[in-house]
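**Student:** Sequence below, structure please.
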Amino acid sequence: MFANARSVALSAACLLATALAARGCDCGSGKGPTLGGPCSGGFECDPGQICFDGYCVWDDGGASEGRFEVPEGYETFEPGVHMGPGTDHPFAPERDNSDGVGLDDRGDLILDAGLIRMQYLWVANSGEGTVSKIDTFADPPVEVGRFFTGLDDDSADPSRTSVDLAGDVFVANRAHNYPAGADDISSVSKIAALEERCLDRDENGTIETSRGSTPLPRSDGSGGVPAGQSTDECVLWTRDFQPSSARPTDVVAPLGCRGARAVTATPESGPDFVLNGHAWVGCYDDLRAYKVDGNTGDLLAVADTSPCAPYGFLMGIEDVMTVWACCRDMDGDHSQSISTLDPRTGSVTALPDIPGNPYGFAMDADGGVWATTMPSEPSSVLRYTAAAGWQALAEPSPGFFDDMRGIAVDEDGYAWAVATDRAEVWLIDPATFPSASALLEVLPTTNDPAGRATAICSGAAVDFDGNVWAVCMGGAGGDGDGWVTKYRVDRASGRPVVDLAGHPERMQMTQVGRNPYTYSDMLGYHLRRFTAREGWYRQVFETCPMYSVRWNRISWDAMIPEGTRVVFRGRTGDTREELARAGWVLLAEDPDDESPADIPAGVPPTGLSEGHYIEIEIRLYTDRDGLSPTVHAVSFDWSCTTPIY
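**Tutor:** Have a look, this model is predicted:
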């Protein structure tokens, strides 16, 4: 429902008469500015102004340069700033202002999974207790942050990372292998991807964080950070699972956790649809999993995973609340399977009769499950489908197979598997699998033949441009600084092609920390591409130079089928730097709210404060594939009030 144009919103820029009188305003005389002059009829105001509520205001609503004019076709909106086709601010999603949204033929905003972007790759450096943050948009890729994780040096040993819907990362700290005297008290840490979500703990107006390959030190116990934990203000929290660490806010009691080797972010949104999903953390030695609150680290649930010793987690595709687990047997006491955990019932169900001991696993968009094995018996790579069960890749030649670790599947269904000791990535065609001819390319992970002999590679990931990444350890036995390898993938022919022999420039290597060991959803590709169905668009506007501002109303025109939702958020700041650090405020959501809606004023997160700049975010959600809300237009207005001297 929309209000008539040029109604109460015509108050949008009246100035207080007393303030202008103090400036010597000759109101209504035609000799000077009359904005804010007292009036009782239009004849007392200068040309182009009208008398409203006893004061002179501009006839266009009060904003300069005609900002508040109503575009043709938008007569149902209040005067204000308009976004959408046919306005001065058509929707224009780009990499830096949107994620997961595109335009339909009319220029309306819709969900588009092909435009999802996540910028950072998170690599766990097990040997030094850190995580490297790699900017995948940079060319060449560059490390833009390194962070200590875990409770202290003896309780770190990170090995799995999982990126949530906002791009922040959960890190599972095994506290098992490094250092030799590791205390076996596992934990999970959360790190913010963007400084706007970091914590200014010392309230000095600056975020102290790593912006390169040097981590900020661990705490000495001062500054509000527990001794041993990272002082970096983008490391949001670290939580262990010892009974002595129980909190009053925990929903379930901690029972301990040894060998946290599995973690997955969940496709849930937090309060007011802030993308603050939770995480499941799997404890290998205890056959147990915890659900952890993404915002606080509080424990929300605990589940018995027996007989599965969780070695890796992914969220389900057909049922996004189901947790899939790689169940590996390292000591002969546990099951070998790919299983599902249904947190709603507590049931654990294994796919039947996996022919091998799985190490890594991935899922494709059709519901197929891929697994790598160590040792490579009867094969290095397996695939499960409901129709065919488990199938094993045929060996191209005797002795070709090797121990395998990570595997990733792109949106076209092609698998990219890491051969550990061979330091290779294998490209596998799903259409011809399990034939040996399905092995399309064998890619080295380093362009240094001497270094390849000593490398041990662990994980594979696909980014949102369709390129592929591998994580490798260097030095004898992999005990040294490692790297990530990026392969630029050419998909113009209809299938992925790297062809390093003809295009050596398609390989790029970036150094990370010691003993990088990650094979999980380290880019958020699985969560965003296969399970999460949402996207956002943002635009910044300048409001009232030299005047205070009052926010009025927001209107929208959208088609919202059942099972979809649109959420509008805003934030303000006097400078663009302040704007980038400001907290978001929920302005309206549909369904539930009707257009137009009053913009809440106040202090974030409950109200929108004054500011020279405002950023509007439009967030789209759906609960099923192929269904999207459609946003045709958004309008909002404000009032410029008291002059600022």
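
**Student:** rest of the way, CA atoms for contacts and neighbours
**Tutor:** OK.

**Student:** Where does pLDDT dip in the chain?
**Tutor:** Along the chain, the parts satisfying pLDDT under 70 run over 1-80, 113-116, 269-276, 320, 449-454, 475-479, 530-532, 545-547, 624-626, 641-645.

**Student:** domains for it, by residue range?
**Tutor:** Following automatic domain parsing, one finds the domains of the chain at 1-62, 68-113+533-643.

**Student:** what are the ranges of the strands in the stretch 501-645 of the chain?
**Tutor:** Assignment of strands within the stretch 501-645 of the chain using DSSP state E, counting those that start in this stretch yields the ranges 507-514, 534-542, 547-559, 564-573, 585-590, 597-598, 613-622, 630-643.

**Student:** would TSV of these with mean neighbour count and distance to residue 422 be doable?
**Tutor:** Listed next are these as TSV, based on neighbours: other C-alpha atoms under 10 Å; distance: least, C-alpha to C-alpha, whole Å:
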stretch	mean neighbour count	distance to residue 422
strand 507-514	21	17
strand 534-542	20	39
strand 547-559	20	53
strand 564-573	23	47
strand 585-590	22	51
strand 597-598	16	61
strand 613-622	22	43
strand 630-643	22	49
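
**Student:** Just put these in a markdown table and tack on distance to residue 330.
**Tutor:** A markdown table is the format used below for the strands of the stretch 501-645 of the chain (distance: least, C-alpha to C-alpha, whole Å):
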| stretch | distance to residue 330 |
| --- | --- |
| strand 507-514 | 24 |
| strand 534-542 | 38 |
| strand 547-559 | 53 |
| strand 564-573 | 44 |
| strand 585-590 | 48 |
| strand 597-598 | 58 |
| strand 613-622 | 40 |
| strand 630-643 | 50 |
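
**Student:** from the chain's centre, how far out does stretch 111-129 sit?
**Tutor:** 8 Å (C-alpha atoms, centre = their mean, to the nearest Å).

**Student:** Kindly report the same for stretch 203-220.
**Tutor:** 21 Å.

**Student:** do stretch 482-494 as well
**Tutor:** 22 Å.

**Student:** how about it as CSV, C-alpha atoms only?
**Tutor:** Only the C-alpha atoms of stretch 482-494 are listed here, as CSV (Å, rounded to 0.1, in the frame of the first residue of the first chain):
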residue,chain,number,x,y,z
GLY,A,482,53.3,-23.8,2.6
TRP,A,483,51.4,-22.2,-0.2
VAL,A,484,48.1,-22.1,-2.0
THR,A,485,47.9,-22.6,-5.7
LYS,A,486,45.3,-21.0,-7.9
TYR,A,487,44.3,-22.4,-11.3
ARG,A,488,42.6,-20.1,-13.7
VAL,A,489,40.0,-22.2,-15.3
ASP,A,490,38.8,-21.7,-18.9
ARG,A,491,35.1,-22.8,-19.2
ALA,A,492,34.4,-21.3,-22.7
SER,A,493,34.4,-24.7,-24.3
GLY,A,494,31.6,-26.0,-22.1
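
**Student:** Go through it and flag the buried ones.
**Tutor:** Residues of stretch 482-494 classed as buried by neighbour count (16 or more other C-alpha atoms under 10 Å): 482-489.

**Student:** just those now: which is nearest residue 345?
**Tutor:** In terms of C-alpha to C-alpha, no member of the buried residues of stretch 482-494 lies closer to residue 345 than residue 484, at 39.4 Å.

**Student:** residue boundaries of the strands in the stretch 51-200 of the chain?
**Tutor:** 55-58, 81-83, 98-99, 101-103, 109-111, 120-125, 130-135, 142-148, 158-163, 169-173, 187-191.

**Student:** what do you get for the stretch 301-450 of the chain?
**Tutor:** Under DSSP E, counting those that start in this stretch, the stretch 301-450 of the chain gives strands at 310-315, 323-327, 337-342, 347-350, 358-363, 369-373, 381-385, 389-392, 404-409, 415-419, 424-428, 439-444.

**Student:** a markdown table please, covering those strands and showing distance to residue 587.
**Tutor:** A markdown table is the format used below for the strands of the stretch 301-450 of the chain (distance: least, C-alpha to C-alpha, whole Å):
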| stretch | distance to residue 587 |
| --- | --- |
| strand 310-315 | 31 |
| strand 323-327 | 33 |
| strand 337-342 | 35 |
| strand 347-350 | 40 |
| strand 358-363 | 37 |
| strand 369-373 | 41 |
| strand 381-385 | 45 |
| strand 389-392 | 49 |
| strand 404-409 | 38 |
| strand 415-419 | 42 |
| strand 424-428 | 47 |
| strand 439-444 | 50 |
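
**Student:** quick one: which of those strands is nearest residue 102?
**Tutor:** Closest among the strands of the stretch 301-450 of the chain, once you apply C-alpha to C-alpha, is strand 404-409, at 23.8 Å.

**Student:** for that closest one, the distance to its chain's centre please.
**Tutor:** The answer for strand 404-409 is 22 Å, by C-alpha atoms, centre = their mean.

**Student:** for stretch 316-325, same thing?
**Tutor:** The answer for stretch 316-325 is 18 Å, by C-alpha atoms, centre = their mean.

**Student:** Name the residues of stretch 315-327 that are buried.
**Tutor:** Neighbour-count burial for stretch 315-327 [16+ other C-alpha under 10 Å]: 315-317, 320-327.

**Student:** Most widely separated two among those residues?
**Tutor:** Farthest apart among the buried residues of stretch 315-327 - using C-alpha to C-alpha - are 320 and 327, which lie 19.5 Å from each other.
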